[in-house]
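> coords below, sequence missing:
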Ligand SMILES: [Fe+2]
Ligand SMILES: [Fe+2]
């Protein structure tokens, strides 16, 4: 596997874990209870720091090379750059909604819920489309030299959350991820979770 694609797939796996956590927090919200806003806030911060600033720009680089190398194939992928702008806008709306619901804002719970759902669903759709079309098309059309060059652009920008020395502001979120995954493992193993 090509290093840059490998990194992109790994990011998708990590993002999917966070979207599952948001699902759980939104389910708590739906019960008219208080979700863990600290965790939601950390997820929004993470999306701003890593997927928005590192993951999508990496994909844009691959897409730009694809458009050069195989313009017809690139057309079948669609407007990736435009999609990334939409993904970013949905994140911005979600961050704004979170500020509103936690602060003095006038947003209703229902509006917050809709914006949060739109963000989670939009991310899932976007990743699924990339895995279904963009990544396979790029893998087929780009040459070894293309990939070697793209790999050499891989920044050393570390993922602030999914790493051994997780950054302080993400420590609580990381514990939450570990707890949820432990619970899922126990449920699969047929044990009752604690
Ligand atoms: Fe993307
Ligand atoms: Fe992606």
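Right, received. Where do you want to start? Model, not experiment: these values are computed from the prediction. Ligands and ions are numbered 1, 2, ... in the order given.

> how about the strands of the protein, start to end?
Counting by DSSP state E, one finds no strands in the chain.

> how about the residues of it near ligand 1?
Residues of the chain lying close to ligand 1 by Cβ under 5 Å from the ion are 56, 59. For glycine as for every other residue, the C-beta is placed from the backbone atoms N, C-alpha and C.

> ranking helices and strands of the chain by mean pLDDT, which lands last?
Lowest mean confidence among the helices and strands of the chain (mean pLDDT, DSSP states H and E): helix 171-188, at a mean of 85.

> in that helix, which residues are buried?
Buried residues in helix 171-188, counted by 16 or more other Cβ atoms under 10 Å: 173, 176-177.

> where does the prediction get shaky in this structure?
The chain contains residues with pLDDT under 70 at 1, 191-194.

> and the helices in it, which stretches?
3-30, 37-49, 56-69, 71-77, 80-102, 109-129, 135-141, 144-152, 171-188 (DSSP state H).

> which residues are contacting the fourth one?
With Cβ atoms under 8 Å, 6 or more residues apart in numbering as the test, helix 71-77 has contacts from 63, 66-67, 133-134, 137-138, 140-141.

> and which of the residues you listed is nearest ligand 1?
Among the contacts of helix 71-77, residue 134 lies closest to ligand 1 (Cβ to the ion), at 7.8 Å.

> tell me the spacing between residue 70 and residue 153.
19 Å (Cβ to Cβ, to the nearest Å).

> pull the residues that contact stretch 56-66.
4-5, 7-8, 73-74, 77, 80-81, 84, 87-88, 130, 134, 137-138, 141-142, 146, 149-150, 153-154.

> same thing with stretch 35-47?
By Cβ under 8 Å, 6+ apart, the list of residues contacting stretch 35-47 reads 18, 21-22, 25-26, 28-29, 91, 94-95, 98, 102, 160-161, 169-170, 172-173, 176.

> now a ChimeraX select for only the buried ones of these.
To isolate the buried members of the contacts of stretch 35-47 in ChimeraX, using 16+ other Cβ under 10 Å:
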select :18,21,22,25,26,29,91,94,95,98,160,161,170,173,176
